[in-house]
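Chemist: Okay, predicted coordinates and the sequence, questions at the end:
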Amino acid sequence: MRTSWADSVSNSAAEIAIWDKNSLPRPTRSTYVPPHLRSGSISDLSGPVTGTNGGSRWTGSDGGGTKPELRRQGQANSYATAGRDAAAGGGGGGGGRNNRSGGWDRREREVNPFGNDDKIYDIKQNFSEQENSGINFDAYEDIPVEASGENVPPPVNTFAEIDLGEILNQNIRRCKYVKPTPVQRHAIPIALAGKDLMACAQTGSGKTAAFCFPIISGIMRELYAQRSHVGRTVYPLGLILSPTRELSCQIHDEAKKFSYQTGVKVVVAYGGAPINQQLRELERGVDILVATPGRLVDLLERARVSLQAVRYLALDEADRMLDMGFEPQIRKIVEQMNMPNRGVRQTMLFSATFPREIQRLASDFLSNHIFLAVGRVGPSTDLIVQRVEFVLESDKRSHLMDLLHAQRENGNHGKVSLNLQQALTLVFVETKKGADSLEHWLCMNGFPSTTIHGDRTQQERELALRSFKSGKTPILVATDVAARGLDIPHVAHVVNFDLPNDIDDYVHRIGRTGRAGKTGLATAFFNESNLSLARPLAELMQEASQEVPAWLTHYASRAPYGGNKNRRSGGRFGGSDFRREESIGKNLDYYSGGNSGNAYEGLVDIAGGYAPGVTSAWD
DNA sequence: AAAAAAC
């Protein structure tokens, strides 16, 4: 039972004040409240805990030009700790809140995310290297990059140049990151400069880090960004949204590594799992919340989370988040839930694919953003070999069986490998029912498989993913729930048993292989029910220097024009800035476009005029 | 038409 004091606080003082740190006195540090005292009798906290303002400094979310500082009002029971301030200095203390005496310690020891969590990922032990050191950086040297917008900060070449501070540098070393990937080289300076960002880039090349490091660093540096709560409502400073539960988990796992010992607390919330545990986790404090939209809305409606203090918003797989199914929910979260306005918060959108319509939608959430596109790895050949085969619906199963037998006999497509390193095969189908049925059939025919789709319980989904990752069931039959973002090492083969209707989905699906500089194979079963995909698929494959079968070219040439309805934004690698494209449409003058001052491009002649609908960078 | 996402 909450005390009346707490109730009155939550009624009257729930606002997060925004003020200018330069013109207002800095609040004195609030009293630390150890976790075991928090949910209990708050009234022990000697009433108003500090605060220099009278509590009337609420100014709404009008930025007034410069980015204002978001602050808790003083009179509530803020329990921000001193840890972050010291941690931001990067030196002396050698750690964040958790290392500090009087910190969270003892009761809540931060689990070392680099430590012995190999129960889940035990297959890694069987592979020769850590994942990240396996990245083939040479392949990244010459990739094309486009960045447009005002005052684009130049890219960096090393992590040292970025100056994220010693604690983050240690985590970078622990992650075995040697040097930043292309998306990191470009995106991190942009994000650190406080700019909004729309980025097309590969997930396999460290996209998560590209938005996590700036957010963590920003929260550490910001002396005024203190963790706070009012009653049972918590106020995260960073919010990361993703379209599937598994992807949210994955981002959370990574973010925990990046934030280790920084004192920045990352919590994940998603549906299908008991909410109580997530609530407890939130109550213990949250700086960065990683969530799927549905569960977040639930938490917001229960008033267990408020977005009022959000300073950093990141949407992963942003084009999916803004497509027809998700857009209303995202709009609700971003525009109708008290989140600071664009321009006040910093917004970062990441995806491999950014159709122009989605870019236009997304610009509602952005303020004078920089558009960044990082091209695919390698100039003409690719890490993913794509094959298309004409397979009648009725022949699909036996054809798959042939492939799997051949694969089994060849080992990993001819690669010399240990038994342990058996190739993982990811099979995409159209429907949940189809997934179950194919999985059952494969198992009956001697191919240990499992399946992941939205009709399975979350427990089943997570078990399936673990079983697949570990190699216990080296075949995973999946719907599009697994198409995006999931980083599953050692997927050697992606089979599009049923092709998707949207070429972007195809791009994301095949991107589950050929990750982190490794090679992969993607096989698609094409038949007359995929006619609308013929043209974009043929174009995509041609662009990626893949062998396009004559019959596919034939279908493509006869395909109805509507096959291009999901028209991509043009440009040869991952799309280009729709603002620029629209200005081209108006006056054909490339560089006089209103929004694209000071653009730079690397290594690619953007003005070359590529057909719309062609692009080849994947997430 | 299907998939995903809350209870």
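Modeler: Thanks, I have it.
Chemist: Can you get me the start-to-end distance on stretch A:288-302?
Modeler: 19 Å (C-alpha to C-alpha, to the nearest Å).
Chemist: Residues contacting it, please?
Modeler: Stretch A:288-302 has contacts (C-beta atoms under 8 Å, 6 or more residues apart in numbering) with A:215-216, A:219, A:236-245, A:248, A:251-252, A:255, A:259, A:264-271, A:275, A:278, A:282, A:305-307, A:312, A:321, A:326, A:329-330, A:332-333, A:337. Just so you know, the C-beta spots here come from the backbone N, C-alpha and C atoms, and that holds for glycine as well.
Chemist: for chain A, what helix or strand is lowest in average pLDDT?
Modeler: helix A:35-38 (a mean of 29; mean pLDDT, DSSP states H and E).
Chemist: mind checking pLDDT for the nearest residue to A:Gly485 once chain neighbours are set aside?
Modeler: With C-beta to C-beta, 6 or more residues apart in numbering as the criterion, A:Gly485 has its nearest non-adjacent residue at 4.3 Å, and that residue is A:Leu247. Predicted confidence (pLDDT) for A:Leu247: 96.
Chemist: quick one: contacts for A:Leu247?
Modeler: By C-beta under 8 Å, 6+ apart, the neighbours of A:Leu247 are A:316-317, A:484-486.
Chemist: CSV for these, including secondary structure, neighbour count and pLDDT?
Modeler: As requested, the contacts of A:Leu247 are exported to CSV (DSSP: H, G, I helix; E, B strand; the rest coil; neighbours: other C-beta atoms under 10 Å; pLDDT from 0 to 100):
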residue, secondary structure, neighbour count, pLDDT
A:Asp316, strand, 27, 96
A:Glu317, coil, 26, 94
A:Arg484, coil, 28, 94
A:Gly485, coil, 27, 91
A:Leu486, coil, 24, 93
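Chemist: DNA strand B contacts on chain A?
Modeler: Contact residues, chain A versus DNA strand B (C-beta under 7 Å from any atom of the strand): A:243-246, A:270-273, A:275, A:291-298, A:301, A:323-326, A:329, A:430-434, A:453-455, A:479-481, A:501.
Chemist: dump the residue contacts of the residue of the stretch 451-600 of chain A found nearest DNA strand B.
Modeler: Closest residue of the stretch 451-600 of chain A to DNA strand B, C-beta to the nearest atom of the strand: A:Gly454 (2.1 Å). Listed by C-beta under 8 Å, 6+ apart, the contact set of A:Gly454 reads A:432, A:479, A:481.
Chemist: now do 6 Å
Modeler: Neighbouring residues of A:Gly454 by C-beta atoms under 6 Å, 6 or more residues apart in numbering: A:Val481.
Chemist: still on that earlier bit, which ones among the residues of chain A next to DNA strand B lie within strands?
Modeler: Among those, the ones falling in strands (DSSP state E) are A:Ala291.
Chemist: Can you select the buried ones from the residues of chain A next to DNA strand B in PyMOL?
Modeler: The PyMOL command for the buried members of the residues of chain A next to DNA strand B (criterion: 16 or more other C-beta atoms under 10 Å) is given here:
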select buried, chain A and resi 243+244+245+246+270+271+272+273+275+291+292+293+295+296+297+298+323+326+329+430+432+434+453+479+480+481
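Chemist: got a pLDDT number for A:Ala550?
Modeler: 96.
Chemist: Between the two ends of stretch A:144-161, what distance do you get?
Modeler: Per C-alpha to C-alpha, stretch A:144-161 runs 22 Å from first to last residue.
Chemist: Check which residues of that stretch are buried.
Modeler: Neighbour-count burial for stretch A:144-161 flags A:144-149, A:152-153, A:155-156, A:159 (criterion: 16+ other C-beta under 10 Å).
Chemist: Include distance to A:Thr181 when you put those into a markdown table, please.
Modeler: As requested, these are exported to a markdown table (distance: C-beta to C-beta, whole Å):
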| residue | distance to A:Thr181 |
| --- | --- |
| A:Pro144 | 14 |
| A:Val145 | 12 |
| A:Glu146 | 16 |
| A:Ala147 | 15 |
| A:Ser148 | 20 |
| A:Gly149 | 21 |
| A:Val152 | 18 |
| A:Pro153 | 17 |
| A:Pro155 | 11 |
| A:Val156 | 12 |
| A:Phe159 | 11 |
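Chemist: Name the pair among those with the greatest separation in space.
Modeler: By the measure C-beta to C-beta, A:Ser148 and A:Phe159 form the most distant pair in the buried residues of stretch A:144-161, at 25.1 Å.
Chemist: and of the contacts of A:Leu247, the nearest to A:His405?
Modeler: A:Leu486 (26.5 Å).
Chemist: For that closest one, grab phi and psi.
Modeler: Per-residue torsions, A:Leu486: phi -60, psi 130 (degrees, to the nearest 10).
Chemist: For chain A, which residues score under the pLDDT cut-off?
Modeler: A:1-108, A:116-142, A:202-204, A:223-225, A:376-382, A:411-422, A:516-517, A:560-575, A:581-619 (pLDDT under 70).
Chemist: Identify the residues contacting A:Tyr270.
Modeler: Contacts of A:Tyr270 by C-beta under 6 Å, 6+ apart are A:245, A:248, A:292, A:295.
Chemist: excluding its backbone neighbours, what's nearest the last one?
Modeler: Among residues not flanking A:Arg295 along the chain, A:Gly271 sits closest, at 4.5 Å (C-beta to C-beta, 6+ apart).
Chemist: And for the third one?
Modeler: Using C-beta to C-beta, 6+ apart and skipping the chain neighbours, the partner closest in space to A:Thr292 is A:Tyr270 (4.4 Å).
Chemist: Am I right that A:Met348 is in a strand?
Modeler: Yes: counting by DSSP: H, G, I helix; E, B strand; the rest coil, A:Met348 is found in a strand.
Chemist: In helices only, show me the residues of chain A next to DNA strand B.
Modeler: Those of these mapping onto helices are A:245-246, A:275, A:293-298, A:301, A:329, A:432-434, per DSSP state H.
Chemist: is it possible to export those to TSV including distance to A:Ala550?
Modeler: What follows is those, written out as TSV (distance: C-beta to C-beta, whole Å):
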residue	distance to A:Ala550
A:Arg245	42
A:Glu246	39
A:Ile275	55
A:Pro293	44
A:Gly294	46
A:Arg295	49
A:Leu296	49
A:Val297	50
A:Asp298	52
A:Glu301	56
A:Gln329	44
A:Lys432	35
A:Lys433	34
A:Gly434	29
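Chemist: quick one, helices of the stretch 151-300 of chain A?
Modeler: Taking DSSP state H, counting those that start in this stretch as the criterion, the stretch 151-300 of chain A contains helices spanning A:159-162, A:166-174, A:182-192, A:207-221, A:245-258, A:275-283, A:293-301.
Chemist: Let's see the fifth one as CSV, backbone CA atoms only.
Modeler: Once non-C-alpha atoms are left out, helix A:245-258 reads as follows in CSV (Å, rounded to 0.1, in the frame of the first residue of the first chain):
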residue,chain,number,x,y,z
ARG,A,245,10.2,-9.7,-29.0
GLU,A,246,13.3,-11.7,-29.9
LEU,A,247,14.9,-8.7,-31.4
SER,A,248,14.2,-6.6,-28.4
CYS,A,249,15.9,-9.3,-26.3
GLN,A,250,18.8,-9.3,-28.5
ILE,A,251,19.2,-5.6,-28.4
HIS,A,252,18.9,-5.7,-24.6
ASP,A,253,21.6,-8.4,-24.4
GLU,A,254,23.9,-6.2,-26.5
ALA,A,255,23.1,-3.0,-24.7
LYS,A,256,23.9,-4.7,-21.4
LYS,A,257,27.4,-5.4,-22.7
PHE,A,258,27.9,-1.9,-23.9
